[in-house]
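Visitor: no sequence for this one, just the structure:
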């Protein structure tokens, strides 16, 4: 029994010595490995323990169906504690894994990479997990009870054949927009889901102010990433319109026009009557004169 305890003790000591020696030669494994992704710009981040010598890092990645690890050329022997893998994680529909190797500043390039301390990341699927930022939009009045909302698709950090892709290019028909709007002074909000980048909202109350907010919405994603960030709120003042469809300004113009027509008609009638009276007076004077 005593011999078994001695063997276990020696084994623990040997393991600690091996780990300590490895950390002295190669540095320690990185920690807190996580993904940060916004509009398909995807960065792998980690933290590192303080060390007496300079730590360098190599980043490798692999897809869900790949059989080998690939080196990220932009993240080889780097001292930063992050790596931009945006253009490596393509196509974005696949699920990827990365690992960070801690390597010595003077590395033997013939050395087996497996001897270096390494930490594997959680899996990441850009299509399903990249966060989407807030959109920009405009609102135009169509008539007294209808507005058109025009939404600008967000540009991503992915380029294809010299073109910077939008989220519509990537999500295609999976992309929808959630339009939230409410009447000024009311706490009751209404939501409208648009399949395209243009939404038509009808049956609004005439003459009322409305406020609008919009967010990208991808219902095919997990619930935690289905909705993008809400846009800034935009409020617009609706003009009052009468039951005949004429604005107050139009009615003022009609009133002025009618007033002018009445004045002209009145003056015309008075002038005609005066002319007729003078004509009759002249006729009477001529009839009563000497023959």
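Guide: Yes, it's here. The model shown is predicted, which means the values in this text are computed figures rather than measured ones. Numbering: from 1, shown residues only.

Visitor: and residue 263, that one's in a strand?
Guide: No: read with DSSP: H, G, I helix; E, B strand; the rest coil, residue 263 is helix and lies in no strand.

Visitor: Quick check: next helix or strand after the helix or strand where residue 44 lies?
Guide: If you go by DSSP states H and E, residue 44 is part of strand 41-47. Helices and strands here follow DSSP H and E; after strand 41-47, the next one along the chain is strand 56-63.

Visitor: for the strand holding residue 44, packing partners?
Guide: Applying 3 or more Cβ pairs under 8 Å, 6 or more residues apart in numbering; DSSP states H and E, one finds that strand 41-47 contacts strand 31-38, strand 82-84, strand 96-103. Where you see a C-beta, it was placed from the backbone N, CA and C, and this is true even at glycine.

Visitor: Neighbours of residue 156, how many?
Guide: 24 (other Cβ atoms under 10 Å).

Visitor: likewise the one 4 residues further on?
Guide: Number of residues near residue 160 (other Cβ under 10 Å) recorded here: 12.

Visitor: again with residue 226
Guide: For residue 226, using other Cβ under 10 Å, the count is 17.

Visitor: Repeat that for residue 97.
Guide: For residue 97, using other Cβ under 10 Å, the count is 16.

Visitor: Going forward, the N-terminal residue is numbered 28.
Guide: In the new count, where the first residue is 28, that last one comes out as residue 124.

Visitor: any idea how far residue 107 is from it?
Guide: 20 Å (Cβ to Cβ, to the nearest Å).

Visitor: quick one: buried residues of the strand holding residue 71?
Guide: Within strand 68-74, the residues scored as buried using 16 or more other Cβ atoms under 10 Å are 68-69, 71-73.

Visitor: The residue lying closest to residue 99 once chain neighbours are set aside bridge partners, please.
Guide: Excluding its sequence neighbours, the residue lying closest to residue 99 (Cβ to Cβ, 6 or more residues apart in numbering) is residue 86, at 4.5 Å. Beta bridges link residue 86 to residue 127, judged by DSSP bridges.

Visitor: Next one: residue 86 from residue 184, what distance?
Guide: According to Cβ to Cβ, residue 86 and residue 184 sit 18 Å apart.

Visitor: neighbour-wise, which of those two wins?
Guide: Per other Cβ under 10 Å, whichever of residue 86 and residue 184 has more neighbours is residue 86, with 25 against 16.

Visitor: who touches that one in this structure?
Guide: 71, 98-99, 102-103, 105, 110, 112, 125-128 (Cβ atoms under 8 Å, 6 or more residues apart in numbering).
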